[in-house]
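K.L.:
Quick one: sequence and predicted model below, then my questions.
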Amino acid sequence: MPNNSIKITEKNKDYFDSVFQVVRLIPEGRATSYGAISNCLGTKSGARMIGWAMNASHSQKEYVPAHRVVNRNGMLTGKHHFPSPIAMQEALEGEGVEIKDDKIQNYKQVYWDPTVELTFD
DNA sequence: TGGGTGACCATAG
DNA sequence: ACTATGGCCACCC
């Protein structure tokens, strides 16, 4: 067991849970950005933390579609953190997302803004 | 205690 | 349009 693996602790549990919760709401064939999720949770969280949280998404029991989270450029910056470098692209293409050079082509159409699409009760 | 790091983002030149 | 820089927040050594 490598000691550099991300561990879910009492401290970050709620934070991770919030992130995963939003990510799971991303519809098929759509994608959003780290910053959008950060903004959804409150700008304070910081966009970089989202990616860090995603690193722990693999250990979650509930499925987390981490492949639907890209950077603001629509680029698949996190693909190297998947089991396979091509896993992220394959998953997106399987949902009908067009990708070229590790970048979503029709990102404008695919983009899903949680702050807009989500309604808070 | 403090400094380094990260699947990022916005701004300035 | 592209590069450089700072900010962001939680974690690790």
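P.N.:
Happy to help now that I have it. Just so it is clear, the model here is predicted, and its values are computed rather than measured.

K.L.:
count of neighbours near A:T43?
P.N.:
Residue neighbour count, defined by other Cβ atoms under 10 Å, stands at 10 for A:T43. For the C-beta atoms, the positions are set from N, CA and C on the backbone; glycine is no exception.

K.L.:
distance of it from DNA strand C?
P.N.:
For A:T43, the distance to DNA strand C (Cβ to the nearest atom of the strand, to the nearest Å) stands at 7 Å.

K.L.:
Next, the residue most central in space within chain A: phi, psi?
P.N.:
By Cα atoms, centre = their mean, chain A has its centre lying nearest to A:V69, at 3.1 Å. Backbone torsions of A:V69, given as degrees, to the nearest 10, read phi -110, psi 120.

K.L.:
Give me every residue in chain A lying close to DNA strand B.
P.N.:
Applying Cβ under 7 Å from any atom of the strand, we find that chain A lies next to DNA strand B at A:33-36, A:38, A:46-52, A:54-55, A:57-58, A:66, A:69, A:71-73, A:77-78, A:80-82, A:88.

K.L.:
Restricted to strands, list those.
P.N.:
A:33, A:69 (DSSP state E).

K.L.:
Of the residues of chain A next to DNA strand B, select the buried ones using a PyMOL command.
P.N.:
Typed into PyMOL, the line below selects the buried ones among those, using 16 or more other Cβ atoms under 10 Å:
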select buried, chain A and resi 33+34+36+38+47+49+50+51+54+57+66+69+77+78+82+88
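
K.L.:
Quick check: which of the residues of chain A next to DNA strand B are also close to DNA strand C?
P.N.:
Restricting the residues of chain A next to DNA strand B to those near DNA strand C - Cβ under 7 Å from any atom of the strand - leaves A:46-49, A:52.
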